[in-house]
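Novice: I'll drop the sequence and a predicted model, then ask my questions.
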Amino acid sequence: MQNDPIGLEGGNLFVYPQNPILEYNFSGLLKYSSKVIWKDLTKCPSSATIARTQWDNRSLEVRCSQTGCNEWVLDEFIANADISMAIPPAGSPIYSGECTRQRAIEAEFQHVQDLQKGISKSRRKLQEVENKLKGEKYSSQAECELSSQVEAFRIWLDPMTKAMSDTIAKWDASGKHKCMQ
């Protein structure tokens, strides 16, 4: 473990994330969190008709600060992208023959792994944009936040959107997840 590159200005010199697999970045500056949320469908059996994995709670916040009379700069992006996974309870009518709850869980975890790769690409691209925009000067806080968010949002979302369409094509549309047809 290495200390914070901005030293005492950052507060805690040694910060370890709760989940080092998902909460990391290459320069130590971008704030990005992600987690997999397990949704228990045993409590709402009427919605338990199919196993599914989806994006949940994606957000991108932009923070700017004033450096002069009419001068604003980008401080940071704060991004979050969670994945929710829902599996119908045992005894659900979707399970029969080879289609067991365990196979549905395994299938959804394959989607989660693919989506985590999309999050990793998204994180790298967002860090590049943040680094590039930190040198820009804006005349107001609104201009700084809006300009930065517009530039970052598409670059941030594209890898996640592609990861979702790729994982559906790879597993569901191809027929590899036989229980999902």
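Specialist: In hand now; what should we look at? Residues are numbered from 1 along each chain as shown.
Novice: could you pull out the helices for this structure?
Specialist: 101-133, 141-167 (DSSP state H).
Novice: and those: which comes nearest Gly175?
Specialist: Among these, helix 101-133 comes nearest to Gly175, with 11.8 Å by C-beta to C-beta. Yep, even glycine has a C-beta here, placed from its N, CA and C like the rest.
Novice: just checking, what packs against the closest one?
Specialist: Counting contacts by 3 or more C-beta pairs under 8 Å, 6 or more residues apart in numbering; DSSP states H and E, helix 101-133 packs against strand 52-68, strand 71-87, helix 141-167.
Novice: could you tell me the angle between the helix or strand bottoming out on mean pLDDT in the chain and helix 101-133?
Specialist: The weakest-scoring helix or strand in the chain, judged by mean pLDDT, DSSP states H and E, is strand 36-40 (a mean of 76). Put simply, strand 36-40 runs at 150 degrees to helix 101-133, going by axes from the mean of the first three to the mean of the last three C-alpha atoms, to 10 degrees.
Novice: and the residue most central in space within the chain, what does it touch?
Specialist: The residue lying closest to the centre of the chain (C-alpha atoms, centre = their mean) is Ala81, at 2.5 Å. Ala81 makes contact with Tyr32, Ser34, Trp55, Asn57, Arg58, Ile119, Ser122, Met160 under the criterion C-beta atoms under 8 Å, 6 or more residues apart in numbering.
Novice: quick check, nearest of these to Ser96?
Specialist: For the contacts of Ala81, the nearest to Ser96 is Trp55 (29.2 Å; C-beta to C-beta).
Novice: do you know how far Gln110 is from Glu136?
Specialist: Counting by C-beta to C-beta, to the nearest Å, the gap from Gln110 to Glu136 is 40 Å.
Novice: pLDDT below threshold where in this protein?
Specialist: Scanning the chain for pLDDT under 70 picks out 1-29, 40-49, 178-181.
Novice: 80 - rerun?
Specialist: Within the chain, the segments meeting pLDDT under 80 span 1-30, 38-52, 90-91, 94, 177-181.
Novice: quick check: bridge partners of the nearest residue to Lys39 once chain neighbours are set aside?
Specialist: Counting by C-beta to C-beta, 6 or more residues apart in numbering, Lys39 lies nearest to Ala86, which is 4.0 Å off, once chain neighbours are set aside. On the basis of DSSP bridges, Ala86 is bridged to Lys39, Arg52.
Novice: burial count for Ala86?
Specialist: A count of nearby residues for Ala86, using other C-beta atoms under 10 Å, gives 20.
Novice: hang on, it packs against Ala51?
Specialist: Yes. Applying C-beta atoms under 8 Å, one finds Ala86 in contact with Ala51, separated by 6.7 Å.
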